[in-house]
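# Any chance you could fold what I've pasted below:
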Amino acid sequence: MDYKQIRFGVDYYPEHWPRDRWETDARLMREAGLEVVRMGEFSWAKMESDEGKFDFAWLEEAITVLAKEGIKTILGTPTATPPAWIIERNPEILPVDDHGVTRGFGGRHHDCQSNETYRTHIRRFVTAMAKRFANNPHVIGWQPDNEFGNSHRNLCMCDSCAASFRVWLKKKYKTLDALNEAWGTGFWSQTYSKFEQISAPLPTPNSHSPGLLLDWKRFCSDLIVDFQKLQIDILRRECPHHFITHNYMGFFDKTDYFDLGRDLDFVSHDQYPLHFRKDRYPVAPPERLAAALDLMRGIKRKPFWVMEQQGGPSGWETLSASPRPGQLRLWTYQSVAHGADAVVYFRWRTCLFGTEQYWHGLLPHDGKPGRRYDEVKKTAGELKNVINAFAGGDQGAEAAILFSYDQDWAFQVQPHHFDFDYITHLMTYYTAFYKAQVPVDLIPEEADWKKYKLLVAPLQFLTTPELVAKLTDYVATGGHLVLTMRTGVKDWNNRVIPHTLPGPLSEVLGLSVDEYDCLWGVEQAVRWSDESRIVDPEPCVKWCDVVAPTSARALAKYTLDYYGDTPAITENSYKKGASYYVGTELGPEVMKTFVAHALDKANIRSILSPAPSGVEVTRRRAGNHDYIFILNHNSIAAEVRIPKEWKIAIGEAFAEKGILSLPAYEVAVCISE
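Numbers count the residues shown, from 1 in each chain. Modelled structure (predicted):
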């Protein structure tokens, strides 16, 4: 079976279950319409009990059992879980946290990815594993490691990483003079006289250099990319006919996913709407889930897989809520609607031991199929043929949002306001597009922007001459560009540029920024002032740029304090295109009004308008056909009026006289030519 024909699968851990259960599991998977499993990504100790003592026979047998039911296998390299015998022999591979404390064995990701001793173990093991399965006809692909960067948020800062950081800096800056200049080390007498004086950024009495901290984040990302490449090079050499992917984690930003994706055949994603920790959403808003999926599609600008789609309540020490009837199906449809060509559920059966005893799978602890299994079986049965019709197709987005890990990292170093966050700010724009039922791509700086009528480039805090030229050319040749507060402040090394903001983009925008105001302990509001729409004044938050127009006109104005009645949002014509500047973080109603205005000017129409609150409408495109997904995320029924020319492919039972009456968590798919 060509992997491009696979639509549904599950993550499976045969080592957790008695051998005499495997045939039952394989049969139940096949009966549910599952075609592929991912296995092996955490089982190093079982595959190598001591150095060079390999045992792949059990895994090979499991692959054979599954193959008899027509199920293919993706193998994960288990390098996220080095076994105890390696730690005992080489404790130097344990990671060091940002307080200089060595983290111990246990859990997972207890490793330093720069450590050459650990890399030697990996070369030996991955080579042996790849050779063993290179010609197995039932193995179709590989996943190196698992969720790169997971558990490494404040790791690793050991001597090996510090030494690797210095090598990275030498490659970037060539000379100490160039580094000192870029970082501005003359401040607080931080000048370096040799590279060996530079260490990992452990805590200081106050703060590190912003230039050092940004470069450290870039180094950490590059280290993970290099760590992945170490394994990919082996897998490409030994298994040239297998695909290679990796399971991403949405907006997790330890690693630049655009960089990580360059060596992969396609990217995969782990989608968990329900969370079990206090520091996260109990259930993620549907627009947040949609945005993560759109980012995955934007990594390589093509469809992706979901390698872990939530299959039950999640939890370690505490649990999430249980998915309500219909939600697993709903979330599967949402993943497919936003670009997933295959969905693999996590996990098959809920484990009886270990940290994830309460991370539930399609089967409960007792292994008996129930509601969740039946729901997935129904989903796979009805959706597979629909996916086949548009597999490989995109959403046909005419609008895009520029996504930059460098901008994100720069604001992590200096967030300006205690509550400021790059991704949260970006989501204010994404949410407005989402609620307008307008597909949007999330793309990097190096992508081709000219295919889009409208581009939002939020928080272009760091700039380069090349980026400025590309933004300028986009507008000059007919694009509609939205830029926001804090544009043009710094160079790419995180050093302030001594020009009046927004620097060389002033002409494109038709304005200057003479002052700015952090809204800490003060209030401000915005009133839409363009006569085409009437909106009540609404509070804005966190930050305000004080704008002085030259050729731009005001669409909205501040209402309070000394810069009341000055522009908060501007519009400017520039050559063949138009530019907008938004000087603050807008409230939802003003944002809705502004995005509607920008969409109208760019001649971009919504897929279906209006739609009830909580109902998502998006599409996949195949040739001359649009497959319209209508997803009711509400816990109550919703009615949606659809055009009479739309043909209903899924959900016809809920249609009457052009109205879809969708029960809670119900879905429909329509076809439009």
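# Please make it C-alpha for all contacts and neighbour counts, starting now.
Will do.
# Find the residue at the geometric middle of the protein.
Nearest residue to the geometric centre of the chain (Cα atoms, centre = their mean): residue 250, 2.5 Å.
# What's the local residue count around the nearest residue to it once chain neighbours are set aside?
Distances taken as Cα to Cα, 6 or more residues apart in numbering put residue 292 closest to residue 250, at 4.7 Å, once the chain neighbours are dropped. Neighbour count for residue 292, taken as other Cα atoms under 10 Å: 23.
# Would you confirm that residue 292 belongs to a helix?
Yes. The assignment for residue 292 is a helix, going by DSSP: H, G, I helix; E, B strand; the rest coil.
# still on that earlier bit, in contact with the residue nearest to the centre of the chain: list those residues for me.
Residue 250 makes contact with 269, 270, 271, 292, 293, 295, 296, according to Cα atoms under 8 Å, 6 or more residues apart in numbering.
# same deal with residue 575?
When the contact criterion is Cα under 8 Å, 6+ apart, the partners of residue 575 are 475, 476, 477, 478.
# Report the buried members of the residues you listed.
475, 476, 478 (16 or more other Cα atoms under 10 Å).
# Just name the closest of the residues you listed to residue 486, please.
residue 475 (19.3 Å; Cα to Cα).
# got the contact list for the nearest residue to the closest one once chain neighbours are set aside?
In space, and not counting its chain neighbours, residue 475 is closest to residue 577: 4.7 Å by Cα to Cα, 6+ apart. Contacts of residue 577 were listed using Cα under 8 Å, 6+ apart, and they are 474, 475, 476, 477, 478, 479, 480.
# partners of residue 577 in the sheet?
Beta bridges link residue 577 to residue 574 when assigned by DSSP bridges.
# Show the subsequent helix or strand relative to the strand ranked longest in the chain.
Taking DSSP state E as the criterion, the chain has its longest strand at strand 538-549. Using DSSP states H and E, the helix or strand that directly follows strand 538-549 along the chain is strand 553-558.
# quick check: angle from that following strand to strand 538-549?
Counting by axes from the mean of the first three to the mean of the last three Cα atoms, to 10 degrees, strand 553-558 lies at 140 degrees to strand 538-549.
# next one: strand 553-558 to chain centre, how far?
Centroid displacement of strand 553-558 relative to its chain, using Cα atoms, centre = their mean, to the nearest Å, is 33 Å.
# same thing with stretch 299-307?
Remark: stretch 299-307 is offset 10 Å from the chain centroid, using Cα atoms, centre = their mean.
# send the alpha carbons of it over as CSV?
Backbone C-alpha positions of stretch 299-307 (Å, rounded to 0.1, in the frame of the first residue of the first chain) are rendered in CSV as follows:
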residue,chain,number,x,y,z
ILE,A,299,5.4,24.3,7.4
LYS,A,300,6.0,22.8,3.9
ARG,A,301,3.0,24.4,2.2
LYS,A,302,1.3,21.1,1.6
PRO,A,303,-0.9,18.6,3.5
PHE,A,304,0.3,16.8,6.6
TRP,A,305,-0.5,13.8,8.8
VAL,A,306,-1.9,13.9,12.3
MET,A,307,0.3,11.3,14.1
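# Residues contacting that stretch, please?
The contact list for stretch 299-307 (Cα under 8 Å, 6+ apart) reads 11, 247, 257-258, 261-262, 266-271, 296-297, 335, 339-346, 392-394, 443-444.
# Buried only: go through these for me.
11, 247, 257-258, 261, 266-271, 296-297, 335, 339-346, 392-394, 443-444.
# Sitting in strands, which of these do you find?
Counted as lying in strands by DSSP E, out of these, are 11, 247, 268-271, 340-346, 443.
# These into TSV, with extra columns for distance to residue 51?
Listed next are those as TSV, based on distance: Cα to Cα, whole Å:
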residue	distance to residue 51
11	27
247	28
268	31
269	32
270	32
271	36
340	39
341	39
342	37
343	36
344	33
345	33
346	31
443	44
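# Which two of these have the greatest separation?
11 and 443 (29.3 Å).
# what about residue 562, how many neighbours?
By other Cα under 10 Å, neighbour count at residue 562 equals 8.
# how close does it sit to residue 515?
11 Å (Cα to Cα, to the nearest Å).
# Pull up the per-residue confidence for residue 673.
Looking at residue 673, its pLDDT reads 82.
# That one against residue 625, yeah?
Yes. Between residue 673 and residue 625 there is a contact at 4.6 Å, judged by Cα atoms under 8 Å.
# What residues of the longest helix seen in the chain count as buried?
Using DSSP state H to define each element, the chain has its longest helix at helix 210-238. Buried residues in helix 210-238, defined by neighbour count with 16+ other Cα under 10 Å: 210-232, 234-235, 238.
# same deal with stretch 376-393?
376, 377, 379, 380, 381, 383, 384, 387, 390, 391, 392, 393.
# Serialize the residues you listed to a markdown table and add fields for distance to residue 455 and pLDDT.
Shown next, in a markdown table, are the buried residues of stretch 376-393 (distance: Cα to Cα, whole Å; pLDDT from 0 to 100):
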| residue | distance to residue 455 | pLDDT |
| --- | --- | --- |
| 376 | 37 | 98 |
| 377 | 40 | 98 |
| 379 | 35 | 98 |
| 380 | 36 | 98 |
| 381 | 38 | 97 |
| 383 | 33 | 97 |
| 384 | 34 | 93 |
| 387 | 29 | 96 |
| 390 | 26 | 95 |
| 391 | 26 | 95 |
| 392 | 24 | 95 |
| 393 | 21 | 94 |
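# Of these, which pair is most distant in space?
377 and 393 (24.4 Å).
# The closest residue to residue 113 other than its chain neighbours and residue 531, how far apart?
Nearest in space to residue 113, with sequence neighbours left out and distances taken as Cα to Cα, 6+ apart, is residue 227 at 6.4 Å. Residue 227 sits 56 Å away from residue 531 when distances are taken as Cα to Cα.
# So what touches stretch 117-124?
79, 90, 93, 111, 112, 113, 230, 231, 234.
# at 10 Å instead, please
By Cα atoms under 10 Å, 6 or more residues apart in numbering, the residues outside stretch 117-124 that reach it are 51-52, 77-79, 82, 86-87, 90-94, 111-113, 116, 125, 128, 227, 230-231, 233-234.
# Paired strands for the strand or helix carrying residue 37, with orientation please.
According to DSSP H and E, residue 37 maps onto strand 36-39. Looking at strand 36-39 with DSSP bridges, its partner strands are strand 8-11 (parallel), strand 72-76 (parallel).
# closest to residue 603 out of these?
Smallest distance to residue 603 across these (Cα to Cα): 37.5 Å, for strand 8-11.
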